[in-house]
Structure formats: C-alpha cells, structure tokens
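Peer 1: just a sequence and a predicted model for now, questions to come.
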Amino acid sequence: MMSAQLQQQQDSSERPASTSASASAPAPVVAASQDSHGTHSAHGYSNGAPLAPLTNRAAQSKSPYLRAHANSPVAWQLLDDDAVSRARTENKLIFLSIGFLASHHCHLAHLESFSDPTLAALLNTEFMPVLVDREEHPNYDYIYMKYNESLNSVGGWPLNAFLTPELEPVFSGTYWAPPGATSANSDMDEAEDTDRPLDWLTVVRKVHSSWKDEEKRVREEAQQNFTELAHVISEGMVDHPQDAHSTRRDVSAIDYAQDLDGELDLEQIEEAFARITRTFDYPFGGFGQQDKFLTPSKLSLMLRATHFPPEVQDVAGPKDCTFISDSALHTLRRIVHGAVHDHIGGGFHRHSVTRDWSLPSFEKMLIDNALLLGLFLDAWLLSGRDPNEELAQTVKDVADYITSPTMMSSQGGFFTSEAADSLNKRGDPAMRNGAFYLWTRKEFDTAVGDENEAEVAAAYWDVQADGNVDPQHDPLDEFLNQNVLRIAKTHARLSKQLGISAADVKQRIASAREKLRAYRERERVRPTVDTKIVAAYNGMAIVALSRASAVLHDQDPERANRYLTAAKNAAHFIKTQMWDGSEKVLYRAYSDGCFDTAGFAEDYAYLIEGLIELYEATADESWLQWADELQAVQITRFYDDAPSTATSVHTKCGGFYSSTQDAPHTILRVKEGIDGSQPSVNSVSVSNLFRLGALLNDKKYTYLAKASVNAFSAEILEHPNLFPGLLCGIVPWRLGGRHWVSVGDDVAAKSLFHRAPRAALSTLRYHNPRNADSWLRRRDPSLRLDEAGIYTQSNESPCVFRKVDANDTPWIRAPVAATATAASGTNTPAEALPPSGPSISES
C-alpha cells in the first residue's frame, strides 16, 4: 500500500497531533457527492485539443498568503471549479498544500522546496498543484489535517496532501526535507531501503509512479481513506440518520417548551477535572512533558472551578476546585514569565517548543492573543483585581498589542498575524526565524546603553554572552549566541544579589524595556503582517476587548475607552464591509476587498459572541439586535435539524455543522465539538444560544443550546476532558444561569456584572420602562420591571426578580489565593512552585 510505504519514512520532526475523536460513531453527512470513476479524457487534452500549460494563479486570490507566492515557479492553482475540472479532464492527482503566512515552516517550504526548479516542473506537469490559505478555508484544513493525523500521528503546516480528482486523500505529510537534501539523485528504490527521512522529490516521484502504474489500486485506497476519515471526524453524529437528506425537517416543528432528556450531568465536569490533572505538568504548568500549546479552553474551564455554582463545586469537591483553579493560575504565570511572552513589544507567540516555555514558535496570532486576553482577565479577577498585580499589567499588555497600529486596520478590524521570520537588519539578504525578537548580549547592551541598567535587565531576562537557547532545542544552530527574553529572577532576588532596592530594580528594568523597544522599532524590520481581516478572529477580539474595557473602566478609563472604541470599530467594519444584509450572508475575510468565501459557522458564532459582549458593555441594543439576526441565519445555514434516531422522532440531532450543505469542494460535512487551539464552534454556539435565550426570553434558543450539547453526549461521556467548552454548557442546562436586569442603574450594573470572573452562564439586560418602542421591548415584551435598580431573575420562576445590592457577587465561596506565585507577580519560572493541594478524586 503506497501510504504505508511512504509512511515508514515520514520525517520524525513533524509536530505532535491533537487527539482525534472516537471512531465508533457513524459517518457524518457527505457534503459533496463522490463522482464515479469512469473513462477520462486523454492526458493533457480537452475535446482533442492540447491544454495550455498551467500558469500561476496565486495573484488572483485576495489572500496575502497566496499572493506571496505569485512568483513561485510552481504554477499554483486555486481550489475552485477550474482546477478540479482540469484535474478530472487530465486525470491528474491534485497536490494540495495548505498553510498560512505567519508560519515559519510554510516560509521554509516555499524557500527551500517549492522554489526548486525540478520539483516545480514535476508538480506542474504531472499534478494539479493547489495552494490554500488555512485561515480562509478552515473546512479544507480540518478535513485533510484529520486525515494526516490518522495517517502519521502528527500534524502541522504546511499540510501537503495528494488527492484524487474527486478530492479523496491518497497520501499526506507536513514538512519534508528539501529536494536533494538526502540523496543527490533521489533514487526511490534506494530510498526505500534506508532509514533516512524522505525528501520532496522522493515523495512526489513515488506518488506519481503509483498513480501512473496502479491507478485502480490508488483509487480504491483513496475511497477506503475517505470512509475511514468519515468515521474519525464523526463527532456529534451518533443519532444521525443514515439518509439525512430524505428525512430533513423544519427545525420549527419542535416544541421548545418540552424538557430535553439526556445523560450528561455535573459528574462529567468532575471526571474532566480528574483527567486533566493526569496530564498537568506541575513543575512548569501546562500539559504534557514536551512542547506546550496555550490550550485556552482547558485553562478557562479550570479557572472557572471556584466560581461555578455551589452544586458544581459540591460534586467536584471545593478543595479540588481550588486546586484546579490554582493550577490554571500557575500555568498562566509561567506563560507570562516565559519566552512565549514578547516582553518588549507585548503580546504572545503561538506556542512553546520546550516544556519550560523557554523557546517559542515565533508567530504572533490575533486568535491566540484575543483568547489569552480573556483568560488573563479572568485570572486577574480571580486573584482579587488588584491594579498593581502582575496579571493586571498583562491584561493591558495584550490589549495594547491587539489595538496597536501593527494589528489594527485604520478602517476598523484586526489583522490576522505577524510572521515568525523577518530580516534582522535592513539590507540583510535573507529572513531569519525569530530575528525580530532575538538578542546577542552585545546588541542588548548597546540598545540599553546604561551599563547599570543593562546588568540588571540582562540578569532579569536571562541574557547571556553565549546565548540562552539550549543546544538540544537548536540542532541546526539557528539561535547560536542568541538570547530570547524570559524572566529568570525576581525583583527581590535581584535586589539582594545586586545590593540595590527592589524599587530601583523595577525602575531599571522598565527603562531598559523602553530602550529595547525603541531600538527594535528603529533598527529592525518588523515581521510581515497578514492583513486579512477574518470575521471569526475579529469576533474573538471584540469579545476580549469589550470585557477588558468594562473591567478597566474605573481603574484606567483612557485604556478602557480605547479598547471599547476598537471593538466597536471592528464590529462596524464587519457589518458594513463583510455582511450582506439583503442576502443574509456573512463573508469570511477581507483584504483589499471582501473575499468571495462565505462565512463558516465559526464566523457567525464568534461574531455573535462579540456582539453580545458589546451589548453588555455598552447597553446599545443595536448590537444585540444584529446578534439575534446572525443567530437566526446561523441556525438556518448550519444547524443539524435532521430527526434523531434516538427514542423520540420529535427530537432533532442538534449541533452545528462547520460548513453549509452546498460548501464547494468540501467532501465531508462535520461538526466540531472538541476544543483545540480555539474553542470549538459548537461550544461557542451553545454559550451564545443560552445567553440569547435568556436575554430575549426565547425558549427556542435555550432548547437548541441544550440539544447541541446533547448531540455530543456519547463523546463527552467517554472523553469529557476533550470538551471543556461544551462541559460549561451542562451547567446552565441543569442549573440555569444568573441573569441580571438593570433598570435605570446601568453604570452600577456594569461594574457589578463585569467584575466577576466568567464561570457559569450569566447575562446582563438593560431595561428602560419608559421606552416601550425599543427593539428589545418589541422582541420580548414580557419584562415588566419599573422601579430603578439591579435585579436577578429566578431560575425556578422566570417571572420573579430579586433586587440586588452592590455587594452581591455570584457563586463565590471564598477568594482563591494565587498559591502558585507571590501576589507581587515577580516569581520566575525557575522559582515558581506548583500549586499544593489534594489530588482530584475520581468517581
């Protein structure tokens, strides 16, 4: 089998894969019909006439990633009807390469491999080479990455997949050695008899040879790959009928007042906590003992533990909940101190390639920083909201980065990323990984200038004469004599070591930071910015900035206003440039014009969440009105309303598909429930539905939220720790939420509502009894409160409201101490202790 033959030689340097879903469920809906494999036109001919040679079409795309390869010798095509039709006409395999502009390895592949004339000629003549921006088309990326992970047990980018003309996967991999790197003549037979890693020419020639000599077998393997892939990515499909199209019904046929049965309960949260502790890295924080990703959804669930309702804490154990929250705080402080934090310019890199957070992957992504902003905000609130606490400065640091000119369009909206690679100095011949962020000791001292300041700052950030990158993590000597900044010593320790006051230490570090920032901006070339404005990622930024603004309003009003203005400008930009109100279509991305790609379910979900946050931060109900409109569209386009095969024929399957039924060139329609580098579309959608259901008194939204959680019950029961976002949906399903209403006391209500860390479901509605004609009053005329004040709604009797005072805080037993590090926030990765406490009990 060709896949097996090549798989044995896969380069072991590829990135570890995330855990896939269980393969025991039925196959999901096939979104694109699989064409019959009949006769094909003669190779290279159409209607008897020879076809013109392929030409590079990358410049036709609006994607900055594709445009960056417009001059590549590979004749890159777009994944569209023209490319797929020609592949079928010529009976060629499609070579699909998926990547993104910020990626170091994508940059390296195009520099070292796709620029090779031999490889380019082979791809151009014997394949249909197609280039895809994963941030424009997450649907393609998700499907073929799952195939790659099932084949190779690793993932990463660029993702390179060979497909039949019907888009079924034949073989895939990520980063292979450049052409000729392992063999001067790349002899295939010789390569098969050695243990050396594959290079590009070996792979491409072997795949082409198999297709040319054994097409029938390759097609049969591809069909089997497709079938197996359908089972691997079958989350949320246990009760889905085999023939979904013939049984599809209108979702409005449901009685939304009925009670929804289901097996999920609070015990799944307890079990998730128990499993999370098994992989927690107590010395360094995070999960696992190798490289570390930021895992925002998992850390968010852990932070919520002590602020869940008492019923949840009683099930999980109050001491265990404290331990879980402390562990998350410990991790976040290690992230702040580590090299994944850009200590000079703010913001965070994509992940750490080391266990101890000491060496990052240098891409800086909007998505990571937006999600981390929300995490650090909750961590700060959980720690007591001290304005001098380290986490308070981290919140401002990340929000300042997101709203900086580097990441924010002058038109409104936020750009996608900054690249890992850049020129070290103007005029340098080639870009280098991490060049913008690395320092030799000599350059560091020159930039700081003052010898005393440089001594303190170098000790603080671990800047050494021969560099601070461990050689075992630098096999190619990329970072020889280079330093990546990370906090190594506390202010107190430096004070004692150097014989100066802690205040002097702090002042010298702050001065050095500003000098290093100025030097870096003046002398170095900033990494390339991907200027795509992606609806989903902007929704994440709107969420975090709206919350940060509301929390900081009384402590730092200038920053709070700046953050809120940026969030509102982004929402306005999306509404005016990326939303077609007449056709009810949200578009995925914008860069020098709106992309043709229609938005995916995640674009609707994250934008809806952002609009809800904007409403709760501003009391401007126009944002809530648009959220309601978008939610109706998301349900129409993406909700699985096929009747469930479970006990009741009146129950729908539930959950949201990631793409529409008519999404072009999408071979499978999938539901994503597992949280990875970002919360899954279903976890965000469930939260939105619960919140809108409460804000608008809409039973349909609340029912669909419960049904969407229930759709993943089989997988959650088996692997609850993989679904932290959906686990949070169990709490309002079983216990209801905390719903606030402000009647003429909006300022106090905002302060009271927003200063509580996010845990279980909570909403804030603004009610003006004198404005009977407002949209919100028309949408829900049931609210009858007239007396000024702040109220909470009873879960048992929704028509009953209780007045609250300014000392009311939801679901708090006692403040959680930051046991992992000192309150001053100056402990370092070398000195920070793991949280102490009992182990999590297992049921």
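Peer 2: Perfect, I can see it now. Note that this is a predicted model, so its numbers are computed, not measured. Numbering: from 1, shown residues only.
Peer 1: where in this protein is pLDDT low?
Peer 2: Under the criterion pLDDT under 70, the flagged ranges of the chain are 1-49, 182-196, 239-253, 644-651, 806-843.
Peer 1: for Gly347, which non-adjacent residue is closest in space?
Peer 2: Nearest residue to Gly347, sequence neighbours excluded (Cβ to Cβ, 6 or more residues apart in numbering): Tyr401, at 3.5 Å. No exception for glycine: its C-beta is placed from N, CA and C like everyone else's.
Peer 1: okay, and that neighbour sits in which element?
Peer 2: Using DSSP states H and E, Tyr401 maps to helix 390-402.
Peer 1: report the buried residues of that helix.
Peer 2: Across helix 390-402, burial judged by 16 or more other Cβ atoms under 10 Å covers 390-392, 394-399, 401-402.
Peer 1: nearest to Tyr140, of those residues?
Peer 2: Ile402 (27.5 Å; Cβ to Cβ).
Peer 1: got a list of what that closest one touches?
Peer 2: By Cβ atoms under 8 Å, 6 or more residues apart in numbering, the contact set of Ile402 is 347, 366, 369-370, 373, 408, 414, 541, 544-545, 566.
Peer 1: span of stretch 738-756 from start to end?
Peer 2: One end of stretch 738-756 sits 12 Å from the other (Cα to Cα, to the nearest Å).
Peer 1: and for stretch 382-395?
Peer 2: End-to-end distance for stretch 382-395: 13 Å, by Cα to Cα.
Peer 1: circling back to that earlier point, so which of the contacts of Ile402 is the closest to Leu329?
Peer 2: Minimum distance to Leu329 across those is 16.0 Å, recorded for Leu373 (Cβ to Cβ).
Peer 1: can you list contacts of stretch 774-781?
Peer 2: Taking Cβ under 8 Å, 6+ apart as the rule, stretch 774-781 contacts 621-622, 624-625, 628, 696-698, 765-768, 771, 783.
Peer 1: 7 Å instead, please
Peer 2: 621, 624-625, 696-697, 768, 771 (Cβ atoms under 7 Å, 6 or more residues apart in numbering).
Peer 1: can you give me the helices in the stretch 1-150 of the chain?
Peer 2: Ranges of helices within the stretch 1-150 of the chain are 2-7, 64-67, 81-90, 104-112, 117-126, 138-152, based on DSSP state H, counting those that start in this stretch.
Peer 1: check the stretch 301-450 of the chain too.
Peer 2: Assigned by DSSP H, counting those that start in this stretch, the stretch 301-450 of the chain shows helices spanning 310-316, 318-337, 366-382, 390-402, 441-448.
Peer 1: distance to Leu51 for the ones you listed - can I get that in TSV?
Peer 2: Shown next, in TSV, are these (distance: least, Cβ to Cβ, whole Å):
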stretch	distance to Leu51
helix 310-316	63
helix 318-337	53
helix 366-382	40
helix 390-402	47
helix 441-448	54
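Peer 1: so which residue is dead centre in this protein?
Peer 2: Per Cα atoms, centre = their mean, the C-alpha nearest to the average position across the chain is that of Gln678, at 2.8 Å.
Peer 1: quick one, what contacts that residue?
Peer 2: Contacts of Gln678 by Cβ under 7 Å, 6+ apart are 367, 371.
Peer 1: quick one on the thing from earlier: which one of the contacts of Ile402 is nearest Tyr703?
Peer 2: Minimum distance to Tyr703 across those is 29.0 Å, recorded for Ala544 (Cβ to Cβ).
Peer 1: picking that back up, for Ala518, find the nearest of the helices of the stretch 1-150 of the chain.
Peer 2: The nearest among the helices of the stretch 1-150 of the chain, by Cβ to Cβ, is helix 104-112 at 26.3 Å.
Peer 1: so which bits of the closest one are buried?
Peer 2: Within helix 104-112, the residues that count as buried by 16+ other Cβ under 10 Å are 104-110, 112.
Peer 1: could you dump those into a markdown table with distance to Lys319 added?
Peer 2: Output for the buried residues of helix 104-112, formatted as a markdown table (distance: Cβ to Cβ, whole Å):
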| residue | distance to Lys319 |
| --- | --- |
| His104 | 43 |
| His105 | 44 |
| Cys106 | 46 |
| His107 | 48 |
| Leu108 | 48 |
| Ala109 | 50 |
| His110 | 53 |
| Glu112 | 53 |
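Peer 1: and of the helices of the stretch 301-450 of the chain, who's closest to Pro158?
Peer 2: Closest to Pro158 of these is helix 366-382 (Cβ to Cβ; 18.4 Å).
Peer 1: which strands or helices does the closest one pack on?
Peer 2: Applying 3 or more Cβ pairs under 7 Å, 6 or more residues apart in numbering; DSSP states H and E, we find helix 366-382 packed against helix 296-304, helix 318-337, helix 390-402, helix 535-552.
Peer 1: possible to save those as JSON lines with distance to Ser422?
Peer 2: Listed next are the helices and strands packed on helix 366-382 as JSON lines, based on distance: least, Cβ to Cβ, whole Å:
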{"stretch": "helix 296-304", "distance to Ser422": "26"}
{"stretch": "helix 318-337", "distance to Ser422": "23"}
{"stretch": "helix 390-402", "distance to Ser422": "17"}
{"stretch": "helix 535-552", "distance to Ser422": "22"}
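Peer 1: so for Leu717, which of those helices sits nearest?
Peer 2: helix 296-304 (16.8 Å).
Peer 1: between that closest one and helix 535-552, what angle do the directions make?
Peer 2: Put simply, helix 296-304 runs at 30 degrees to helix 535-552, going by axes from the mean of the first three to the mean of the last three Cα atoms, to 10 degrees.
Peer 1: re the thing from before, if we take the buried residues of helix 390-402, which one ends up nearest to Leu476?
Peer 2: Tyr401 (29.4 Å).
Peer 1: what's the closest one in contact with, if anything?
Peer 2: Applying Cβ under 7 Å, 6+ apart to Tyr401 gives the contacts 346-347, 369, 407.
Peer 1: please repeat the previous calculation with a cut-off of 8 Å.
Peer 2: Applying Cβ under 8 Å, 6+ apart, we find Tyr401 in contact with 342, 345-347, 369, 407.
Peer 1: only whichever of those residues are buried, select them in PyMOL.
Peer 2: To isolate the buried members of those in PyMOL, using 16+ other Cβ under 10 Å:
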select buried, resi 342+345+346+347+369+407
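Peer 1: Val463 is in contact with Leu485, isn't it?
Peer 2: Yes. Val463 is within contact range of Leu485, at 7.1 Å (criterion: Cβ atoms under 8 Å).
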